[in-house]
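Asker: Need coordinates for the below:
(one chain, ligands or ions: 2)
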Amino acid sequence: MNITELFSLKGKTALVTGAAYGIGFAIAEALGSAGAEIAFCCRSEEHLKTALEGYSARGISARGSICDVTDEKQAVKMVNEIGGVDILVNNAGIIKRIPMTEMSAEDFREVVDTDLTAPFICSKAVIPGMIKRGGGKIINICSMMSELGRETVSAYASAKGGLKMLTKNIASEYGRFNIQCNGIGPGYIATPQTAPLREIQPDGSRHPFDRFIISKTPAERWGEPNDLAGAAVFLASRASDFVNGQILYVDGGILAYIGKQP
Ligand code: NAP
Ligand code: GCO
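Answerer: Numbers count the residues shown, from 1 in each chain. Ligands and ions are numbered 1, 2, ... in the order given. Below is the predicted model of the structure:
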């Protein structure tokens, strides 16, 4: 058995949603480095342009399009234009940090639409083609909030908990077609989404949440987007062909740890 070949993505096309920057960009770069042709989307023309420059600077073959993945028509059009999608990474996501009793139903729905309904829409769009071609890989980007709650993230936790179960259901429903659907549950990763939690305070000290996360993480650091590269390549490759419906937590040990004693 050639282990390097087992992890190779040569000849595969991977669609990574929301891969203009942050975790999606790092995952697309990793899949591209393993040999996949990359297709990605985001909503902003400006982000699209910067991302295309970023991929090209790294020698990654990537094509990008503007697509709001909450819109089924746009998502189906994008998938049709790409042609065969062998690997789908449902990465696009948003968070709104608002105490639940102050949150509007509209805000709640927007988060659920992006973080849960969009992965359903995109998976639904690629599965028939995967079945025709004899298989495929779907990777859903879950969260610590697929397992844990905290103040202000009721919508996000509901969506990411739901995404964990959508993952298991896709695996259950389409596993017989050689489709593997797994999740990656990143810990706290330094990206624009978490920038407000790491803002330096007016007195020059670290944000209290930043200190809290370091104390909750056995690795004693925030994750970097590239920390997710290995898990993504594994779950996108033949190396994971008998792994289905699992969530691989890449969290520096957070979920294993009760926390530092005061
Ligand atoms: P980020 O820095 O905010 O990046 C989000 C990306 O998604 C951007 O490329 C954004 O581009 C795109 N996007 C947002 N809504 C979209 C939509 N409706 N349609 C298409 N593209 C959309 O977020 P991140 O931190 O990299 O997070 C990526 C994923 O990992 C999310 O699902 C997030 O919930 C999850 N996650 C993050 C962390 C963390 O600590 N950072 C931890 C666990 C899980 P445009 O603005 O141009 O659309
Ligand atoms: C928050 C964070 C988290 C992370 C991530 C953890 O406000 O607690 O934004 O939800 O982004 O999903 O895994």
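
Asker: Identify the residues contacting stretch 111-119?
Answerer: By Cβ atoms under 8 Å, 6 or more residues apart in numbering, the residues outside stretch 111-119 that reach it are 17, 69-70, 75, 90, 92-96, 140, 155-156, 158-160, 162-163, 166. Backbone N, C-alpha and C define where each C-beta goes, glycine included.

Asker: In helices, which of those residues fall?
Answerer: Counting by DSSP state H, the part of those found in helices is Ala75, Ala155, Tyr156, Ser158, Ala159, Lys160, Gly162, Leu163, Leu166.

Asker: Columns distance to Glu45, pLDDT and neighbour count on top of those, output as a markdown table?
Answerer: Below are those laid out as a markdown table (distance: Cβ to Cβ, whole Å; pLDDT from 0 to 100; neighbours: other Cβ atoms under 10 Å):
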| residue | distance to Glu45 | pLDDT | neighbour count |
| --- | --- | --- | --- |
| Ala75 | 18 | 98 | 23 |
| Ala155 | 27 | 99 | 27 |
| Tyr156 | 27 | 99 | 25 |
| Ser158 | 31 | 99 | 18 |
| Ala159 | 26 | 99 | 28 |
| Lys160 | 28 | 99 | 27 |
| Gly162 | 31 | 99 | 18 |
| Leu163 | 28 | 99 | 26 |
| Leu166 | 30 | 99 | 22 |
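
Asker: returning to that earlier point: of the contacts of stretch 111-119, list those near ligand 1.
Answerer: Counting by Cβ under 6 Å from any ligand atom, Thr17, Val69, Thr70, Ala92, Gly93, Ile94 from the contacts of stretch 111-119 sit close to ligand 1.

Asker: Residues of the stretch 51-200 of the chain that sit close to ligand 2?
Answerer: Counting by Cβ under 6 Å from any ligand atom, the stretch 51-200 of the chain comes close to ligand 2 at 95, 97, 143-145, 150, 153, 156, 186-188, 193-194.

Asker: do that again at 8 Å, thanks
Answerer: Within the stretch 51-200 of the chain, the positions near ligand 2 by Cβ under 8 Å from any ligand atom are 93, 95, 97, 142-146, 150, 152-153, 156-157, 160, 185-189, 191, 193-194, 197.
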